[in-house]
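K.L.:
here's my sequence, what's the structure:
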Amino acid sequence: MSRLLKFNIFRYNPEDTLSSPHMEEFVLEETDAMTLFIALNRIREEQDPSLQFDFCCRAGICGSCGMVINGRPGLACHTKTKDLPGEITLLPLPVFKLVGDLSVDTGSWFREMYTKTESWIHTDKEFDADALEERMDNKVAVGIYELERCVECGCCISACGTARLREDFLGAAALNRVARFLIDPRDQRTDSDYYEIIGNDMGIFGCMGLLACEDVCPKHLPLQNQLGFLRRKMGITSLKRIFRK
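P.N.:
Predicted coordinates:
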């Protein structure tokens, strides 16, 4: 016999003056291979059409369905109910602006982050649309691709102790993004240029090293390695700047 799952879901619409934050209970019969994505859609279609949550690809690629699942940030489409207890508590991701219920605005945060980290190739080469692509060592290309797999779900930011305490902290997603350009041979910025972006408490030196970011990353990015790599790079750069004076 299938389990009856009890869902405790956060409800609040900040645009409605009559709305107040509260938890609401829903009961749903579990089906084979059910994910939280499927469960939430069934609740919205069968019980409460006003329930707000985000989704797009349902394949762990878009990162839209990030939420706190029984106290742990994760993707609803990646999470099977069979791996959870019979009572499931769902909350919106902290740090990001709440849109309503389980829906948060990660887009504005990531857009601001891209501006802060100058997330584009810096080069003085003039673009030639007819030229062949620049050749790159396969090992370097694979390294860049590995860091580009971030789906911008925001789970690492919501799990970060520093980001929860400080709004100005860049977080693992931003530091991973910087590492991606730092290893790209097409980017002509120096270590000193990158130091101006992340060589402070807002950047790599604000990281407490708790590594919850890597624990919850749905794409299993090597965030620990990148944080260590950047801390070492920026530490050496800092010493060089000190002794150069």
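K.L.:
CA atoms for contacts and neighbours, from now on please.
P.N.:
Fine.
K.L.:
pLDDT on the lengthiest helix in the chain, on average?
P.N.:
Counting by DSSP state H, the longest helix found in the chain is helix 223-244. Across helix 223-244, pLDDT averages out at 92.
K.L.:
now do the end-to-end distance for stretch 64-83.
P.N.:
21 Å (Cα to Cα, to the nearest Å).
K.L.:
residues in contact with it?
P.N.:
Here stretch 64-83 makes contact (Cα atoms under 8 Å, 6 or more residues apart in numbering) with 30, 33-38, 53-56, 58-60, 63, 88-93, 102, 153-156, 158-159, 216-218.
K.L.:
can you check stretch 26-43 too?
P.N.:
For stretch 26-43, using Cα under 8 Å, 6+ apart, the contacting residues are 2-9, 49, 55, 58, 65, 76-82.
K.L.:
Glu45 and Glu87: what is the separation?
P.N.:
For Glu45, the distance to Glu87 equals 20 Å [Cα to Cα].
K.L.:
taking the centroid of this protein, which residue is nearest it?
P.N.:
Residue closest to the mean C-alpha point of the chain, counted by Cα atoms, centre = their mean, is Gly154 at 2.5 Å.
K.L.:
tell me which residues of stretch 102-113 are tucked away?
P.N.:
Neighbour-count burial for stretch 102-113, counted by 16 or more other Cα atoms under 10 Å, picks out 102-106, 110, 113.
K.L.:
got the CA positions of it in PDB?
P.N.:
Extracted C-alpha coordinates of stretch 102-113, given in PDB (Å, rounded to 0.1, in the frame of the first residue of the first chain):
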ATOM      1  CA  LEU A 102       8.400  28.600  -2.200                       C
ATOM      2  CA  SER A 103       9.300  30.900  -5.000                       C
ATOM      3  CA  VAL A 104      12.300  33.200  -4.700                       C
ATOM      4  CA  ASP A 105      14.100  35.700  -7.000                       C
ATOM      5  CA  THR A 106      17.500  34.200  -7.700                       C
ATOM      6  CA  GLY A 107      17.800  36.000 -11.000                       C
ATOM      7  CA  SER A 108      18.400  39.400  -9.500                       C
ATOM      8  CA  TRP A 109      21.100  38.100  -7.100                       C
ATOM      9  CA  PHE A 110      23.000  36.300  -9.900                       C
ATOM     10  CA  ARG A 111      22.700  39.300 -12.200                       C
ATOM     11  CA  GLU A 112      24.200  41.500  -9.500                       C
ATOM     12  CA  MET A 113      26.900  38.900  -8.800                       C
END
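K.L.:
many thanks, have a good one.
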